[in-house]
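1. quick check, what structure comes out for this input:
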Amino acid sequence: MIVFSILALALGFFAGHTLKKTTVVNSLSLREKNDDYKFIDPLLVVNRANLADPSPVFTALYNSVNKYVSDQKSNGLMNASVYFIKYGDKGGSFYINKDEVYSPASLLKVAIMIAYLKLSESKPYILDEEITYSANLAGNFERVPFEDPTKLKEGDDYVVNDLINKMIIDSDNGAMNILIRNIDISYLNKVYTDLGLKNPSVDNADYKMSAFDYSLFLRVLYNSTYLSREDSEKALAILSKSTFQDGLRAGLPENIAVAHKFGEHVNGVKDTIESVELHDCGYVYLPNDTYFLCVMSKGKSLKTLSETISHISKVIYENVASN
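-> Sure thing, here's the model as predicted:
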């Protein structure tokens, strides 16, 4: 599946809005800035002071993965970034190629899910609404090169909650498209501004982000610092049902749960493909350990990128499991 950037479908829906913004208070924390609060300063995520320095406990693993990424460049890999966080008593992290940015593509479907779940906390009925998949929505796919067809049928009604599942589990672009059309875009924009991220917009069609930037969407779910505990659990449960079996999933034993989202992007036009991108980011749940892994990659072949991500996933899993 070659999925054109989610932004191609969202152009026109990401108009700029003036909203309350999140600011990074210091190098160690990201806090929600909201003028409604007088006595609290809500914490969203905690960051390491220097992401470029691997934790001592993972220096050897960092060196191994970094060498592999460098070696793969002779096999068609143009670039790859790896962001790893290990939780628990033997926690730590490392970041390879932290300054590289990529087209997130379908990764951004997670932001749409978060926006709906956040809205449902004040308007629970939103998830039970029914929406008709119209010919107008279906026609968007004809204007987007490389776009995968949707499994939705024109004229059929779909419940928002089911559409969210289809959008995440099957990465269905029709479900994404109808969900964007159905929500006040300010709610979606607010997810970005709350996390201190730039909004995709008409003036920034070539939207790019780093592995660290993208990690914020998933980390606030794992930490349950943005949505309610119930909705954070629900979101990660949906992500754990992803049907995408390449990338991170391919490097793990079948019995290991992983809550993740992938994204594919094509750079160029139909007759002249300059490069492709493949990303996969999520949480891996071992019996007694949990870790976060995000691999974003760019190259000439999806096969090479898929093998690169799955190999990195396998190496990191074996290292964490053995320790």
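
2. can you pull the contacts of I178?
-> I178 makes contacts with I131, Y133, L137, L152, Y158, L163, as judged by C-beta atoms under 8 Å, 6 or more residues apart in numbering. For every residue, glycine as well, the C-beta is placed using N, CA and C.

3. next one: T132
-> With contacts defined as C-beta under 8 Å, 6+ apart, the neighbours of T132 are G155, D156, D157, Y158.

4. so who does the first one touch?
-> Residues counted as contacts of G155 (C-beta under 8 Å, 6+ apart) are T132, Y133, S134.

5. again, only using 7 Å
-> Neighbour list for G155: T132 [criterion: C-beta atoms under 7 Å, 6 or more residues apart in numbering].

6. where does it land on pLDDT?
-> On the pLDDT scale, G155 is placed at 89.

7. if we can go back for a sec, the contacts of T132: which two are farthest apart?
-> G155 and Y158 (10.9 Å; C-beta to C-beta).

8. can you show me the helices along the stretch 1-150 of the chain?
-> For the stretch 1-150 of the chain, the helices defined by DSSP state H, counting those that start in this stretch cover 6-10, 59-72, 109-120, 135-138.

9. right, and those helices - which one's nearest H260?
-> helix 109-120 (9.8 Å).

10. what's the average pLDDT for the closest one?
-> Per-residue pLDDT over helix 109-120 has a mean of 98.

11. mind listing residues that contact it?
-> Contacts for helix 109-120 (C-beta under 7 Å, 6+ apart): 6, 126-127, 160, 164, 167-168, 171, 176, 179-180, 183, 187-188, 191-192, 217-218, 227, 231, 234-235, 261.

12. buried subset of the residues you listed, written for PyMOL?
-> Filtering those down to the buried ones (16 or more other C-beta atoms under 10 Å) takes a single PyMOL command:
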select buried, resi 6+126+127+160+164+167+168+171+176+179+180+183+187+188+191+192+217+218+227+231+234+235+261
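
13. from the contacts of helix 109-120, which land in strands?
-> If you go by DSSP state E, these have K261 in strands.

14. so, low pLDDT: which residues of the stretch 51-200 of the chain?
-> The stretch 51-200 of the chain contains residues with pLDDT under 70 at 51-52, 135-148.

15. for Y68, see how far away A60 is.
-> 13 Å (C-beta to C-beta, to the nearest Å).

16. who's more crowded, the two?
-> Set A60 next to Y68 and count neighbours by other C-beta atoms under 10 Å: Y68 wins out with 17 against 11.

17. among the contacts of T132, name the buried ones.
-> Buried among the contacts of T132 (16+ other C-beta under 10 Å): Y158.

18. tabulate the contacts of T132 (a markdown table), appending secondary structure and distance to S242.
-> Shown next, in a markdown table, are the contacts of T132 (DSSP: H, G, I helix; E, B strand; the rest coil; distance: C-beta to C-beta, whole Å):
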| residue | secondary structure | distance to S242 |
| --- | --- | --- |
| G155 | coil | 28 |
| D156 | coil | 23 |
| D157 | strand | 25 |
| Y158 | strand | 19 |
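
19. just give me the longest helix of this protein.
-> Scanning the chain for the helix with the most residues, using DSSP state H, yields helix 302-322.

20. tell me the mean pLDDT over that one?
-> For helix 302-322, mean pLDDT rounds to 96.

21. so how far is that helix off the chain centroid?
-> 18 Å (C-alpha atoms, centre = their mean, to the nearest Å).

22. by contact count, what packs against it?
-> Counting contacts by 3 or more C-beta pairs under 7 Å, 6 or more residues apart in numbering; DSSP states H and E, helix 302-322 is packed against helix 59-72, strand 77-86, strand 272-285, strand 290-299.

23. buried deepest among those, which one?
-> Among the helices and strands packed on helix 302-322, ranked by average contacts under mean count of other C-beta atoms under 10 Å, first place goes to strand 290-299 (a mean of 24).

24. helices or strands next to that one in the packing?
-> Applying 3+ C-beta pairs under 7 Å, 6+ apart, we find strand 290-299 packed against strand 77-86, helix 211-222, strand 272-285, helix 302-322.

25. now the end-to-end length of stretch 229-249.
-> 25 Å (C-alpha to C-alpha, to the nearest Å).

26. got the buried residues for that stretch?
-> Of all the residues in stretch 229-249, those buried under the rule 16+ other C-beta under 10 Å are 231-232, 234-236, 238-240, 242, 244, 246-249.

27. closest to N199 among those?
-> Here the nearest of those to N199, counting by C-beta to C-beta, is A235; it sits at 20.4 Å.

28. the spatially closest residue to the closest one that is not a sequence neighbour: neighbouring residues, count only.
-> Nearest residue to A235 in three dimensions, chain neighbours excluded: L221, at 5.1 Å (C-beta to C-beta, 6 or more residues apart in numbering). The burial count assigned to L221 is 24, neighbours taken as other C-beta under 10 Å.

29. so L221 makes contact with L236?
-> Yes. Using C-beta atoms under 7 Å, L221 is in contact with L236, at 5.4 Å.

30. thinking again about what came up before, same list, the buried residues of stretch 229-249, but as CSV with pLDDT and distance to K86 please.
-> As requested, those are exported to CSV (pLDDT from 0 to 100; distance: C-beta to C-beta, whole Å):
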residue, pLDDT, distance to K86
D231, 94, 25
S232, 94, 20
K234, 96, 25
A235, 96, 22
L236, 96, 17
I238, 97, 24
L239, 97, 19
S240, 96, 19
S242, 97, 22
F244, 95, 23
D246, 93, 23
G247, 95, 19
L248, 97, 15
R249, 97, 19
